[in-house]
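Peer 1: got a sequence here, can you build the structure:
(chains A and B)
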Amino acid sequence: MWQVMEGSHAVAEAVRLAGVQVISAYPITPQTHIVERISEFCAAGLLEARFLRVESEHSALAALIGASTAGVRTFTATSSQGLAYMHELLHWASGARLPIVMAEVNRALAPGWNIWTDQTDSLSQRDTGWIQLYCEDGQEVLDTTLQAFRLAEWVNLPVMVVLDAFFLSHTHEPVQVPSQEEVDRFLPPFSPSFRLNTETPCAFNQLATPAVYMEMRYSIQQAMASALERFPQLEDAFQTIMGRRYGAVEEVSTADADVILVTSGTVTSTARGVVEALRNRGEKVGLLKIKLFRPFPAEAIRRHLRRAAKVAVLDRNFSFGAGGIFAQEVRAALCNLKDRPQVFGYIVGLGGRDVTPALITEICRKTWERAHPEEADEWMGLTEVPYESGTAGP
Amino acid sequence: MLEIRFHGRGGQGTVVATILLAKALFEAGYFVQSFPLFGVERRGAPVEAYLRLDRSKILLRTNVYEPDHVVVLDRTLLHGIDVTRGLKAGGWILINASLPPGQLELFKGFRLALVDATRIALAHGLGTRTHPIVNTAMVGAFARMLGMPHMQAVAQAIFQEAPAKPEENLQAAQDAFSEVRLLGLVD
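Peer 2: Numbering: from 1, shown residues only, chains lettered A, B, ... in the order given. You can find the predicted model right below:
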């Protein structure tokens, strides 16, 4: 059924349809609408689940680690500082191989205090062993949340469904909400192969000596590799029932493109419009959207980008002392190719600054004009910032 | 594609006005998108929200800079905010007011529509005397001004969305639909 709803509520609908059994969360803007709606579902009896209000994000994830270990389907949502506060337990959830699903609404980290969109919060958790899926619109975030439960439970890893603050979380748009019967066909009940059971007591997450720890880490990597391999099958199953699929990456007009834009999140939608407009003027520009960031679909990215002369990566995030995070990953994926495109990195839209068609068009123009990228990624739309050094020095 | 900017104050239901219209316009066959310019909202603080509608899926995910039309839910905003910022020539400005604003020359080249949404909201007991909730009246006036969405779709959206007094909200929308004065081009 079609409904006009905001991205946050699309996530909540998916959680209801997935029959999640334990939700634990602590409110933080811009995520709050998600758990607010879920708590309404619980109060109205539309979702039979335990909703745990806890005193912090650290406790929110700790509670789900307990619940998931006991073998029930679990969900939480957070943003920014809340995710940072969960950091220790993010490792714990993946290390314990718990299929927890989290919605992460991208919000800039403080200070300066900023509630607007920026991917640095989720991307700075890239090494925690969570699968990460970046979404573009309300439909994709609903569908991806449903897929996240099946994927998580298939490979025993936690999944983060990532959405932009406001441009997606608070934007109302038409979304097709599947029926319960359709969702039940796609997503069977969670039945874990191991769980905490008082009938057969055992210890979980014991001391792991050097003799076993490395193998345990390797098994997580095997699960990541398996998630990457199984993602198309998962989408096949989803498409058969729902008629929609997204791809770990999605290409638009890349086959003959001289310049390919690489995007993620809602910037992708705006960039689709730019690519269409430039194509109508005869410019050979293409687009590659990266949805699945962990595991990183390096092979698919090489396949789509290798023929282009230039690639322009738009990063709404930054790793201080290095560069845009998607650009780093794209460069790493391409580096062993003999003939490879030049990769231009652009930093855009930090802290919710708007990424407009004019800005994306300017990025295309800059990429066309220059033969080679600068060493450092270019910060777009920046006013001049004087450098102030500290007072101590040699 | 049409882009519409809404100016209001926290507590008047500005964001909900865009949601009501998005739902009603979707019902009327349009692709829609509505969202607030999110700040640190407090009751009484200026609020901006946007509405987009088109015949095909809307790809643009940015703020609205050059609206086709503007809706002002609180006329006291006219003193502090340039509501014509970026407004396309000939665009409508729908204002919650009983009389045309002073300094009419500021609206030259735009079309003006007036509706006394505050009086209508109070007549139907929406909000309080000091904080009337004018959004549904403004939605009714909007529907008349643009000739869409039709009032059945507006009614459906109000019944879906209004947390209280759905009948009264619908009556406010209908009153505003009848009463709105389309003054037209200011020259």
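Peer 1: where does residue B:45 land on pLDDT?
Peer 2: With respect to pLDDT, residue B:45 has a value of 88.
Peer 1: got it, and residue B:42?
Peer 2: Listed pLDDT for residue B:42 reads 76.
Peer 1: contacts for the lowest-mean-pLDDT helix or strand in chain B?
Peer 2: When each helix and strand of chain B is scored by mean pLDDT, DSSP states H and E, helix B:77-80 comes last, with a mean of 92. Taking contacts as CB atoms under 8 Å, 6 or more residues apart in numbering or on different chains, the residues outside helix B:77-80 that touch it are B:7-9, B:46, B:72, B:83, B:95, B:101. For glycine as for every other residue, the C-beta is placed from the backbone atoms N, C-alpha and C.
Peer 1: and of those, the nearest to chain A?
Peer 2: Each of these was checked against chain A using CB to the nearest CB; the closest is residue B:8, at 16.1 Å.
Peer 1: tell me which element the closest one is part of?
Peer 2: If you go by DSSP states H and E, residue B:8 is part of strand B:2-9.
Peer 1: which strands border that strand, and is each parallel or antiparallel?
Peer 2: Strand B:2-9 has its sheet partners listed here by DSSP bridges as strand B:46-54 (antiparallel), strand B:69-72 (parallel).
Peer 1: about what we covered before: gap between the least confident helix or strand of chain B and the chain center?
Peer 2: Taking CA atoms, centre = their mean, to the nearest Å, the mean C-alpha location of helix B:77-80 is offset from the chain mean by 16 Å.
Peer 1: reformat the strands paired with strand B:2-9 as TSV; add mean neighbour count.
Peer 2: Below are those laid out as TSV (neighbours: other CB atoms under 10 Å in any protein chain shown):
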stretch	mean neighbour count
strand B:46-54	22
strand B:69-72	24
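Peer 1: wait, which of those strands is closest to residue A:227?
Peer 2: strand B:46-54 (35.9 Å; CB to CB).
Peer 1: export that closest one as CSV, just CAs?
Peer 2: Output in CSV follows, covering the C-alpha atoms of strand B:46-54 (Å, rounded to 0.1, in the frame of the first residue of the first chain):
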residue,chain,number,x,y,z
PRO,B,46,10.4,31.3,12.7
VAL,B,47,10.0,28.0,10.9
GLU,B,48,10.5,27.1,7.2
ALA,B,49,9.1,24.1,5.4
TYR,B,50,9.0,23.0,1.8
LEU,B,51,6.7,21.2,-0.5
ARG,B,52,7.6,19.8,-4.0
LEU,B,53,5.2,18.2,-6.5
ASP,B,54,5.8,16.8,-9.9
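Peer 1: follow-up on the earlier one: just after the least confident helix or strand of chain B, pick out the following helix or strand.
Peer 2: Later in the chain than helix B:77-80, the nearest helix or strand by DSSP H and E is strand B:92-96.
Peer 1: after that following strand, which helix or strand is next?
Peer 2: The helix or strand immediately downstream of strand B:92-96 is strand B:111-115, counting by DSSP H and E.
Peer 1: and that following strand, average pLDDT?
Peer 2: 98.
Peer 1: partners of it in the sheet?
Peer 2: As defined by DSSP bridges, the strand partners of strand B:111-115 come to strand B:92-96 (parallel), strand B:181-185 (antiparallel).
Peer 1: separation between residue B:20 and residue A:260?
Peer 2: From residue B:20 across to residue A:260, the span is 41 Å (CB to CB, to the nearest Å).
Peer 1: how about residue B:137?
Peer 2: 50 Å.
Peer 1: which parts of chain B sit against chain A?
Peer 2: By the rule CB under 8 Å from any CB of the partner chain, the part of chain B lying against chain A is B:18-19, B:22-23, B:26, B:31-36, B:38, B:40, B:58-63, B:65.
Peer 1: tell me, how many residues neighbour residue A:110?
Peer 2: By the criterion of other CB atoms under 10 Å in any protein chain shown, residue A:110 has 12 neighbours.
Peer 1: and what of residue A:338?
Peer 2: For residue A:338, the neighbour count with other CB under 10 Å is 5.
Peer 1: dihedrals phi and psi, it?
Peer 2: When read as degrees, to the nearest 10, the backbone of residue A:338 gives phi -70, psi -50.
Peer 1: one more: residue A:99?
Peer 2: According to degrees, to the nearest 10, residue A:99 has phi -80, psi 60.
Peer 1: measure it to chain B for me?
Peer 2: Distance of residue A:99 to chain B, given as CB to the nearest CB, to the nearest Å: 31 Å.
Peer 1: grab the nearest non-local neighbour of that residue.
Peer 2: Spatial nearest neighbour of residue A:99, chain neighbours left out: residue A:152 (3.4 Å); criterion: CB to CB, 6 or more residues apart in numbering or on different chains.
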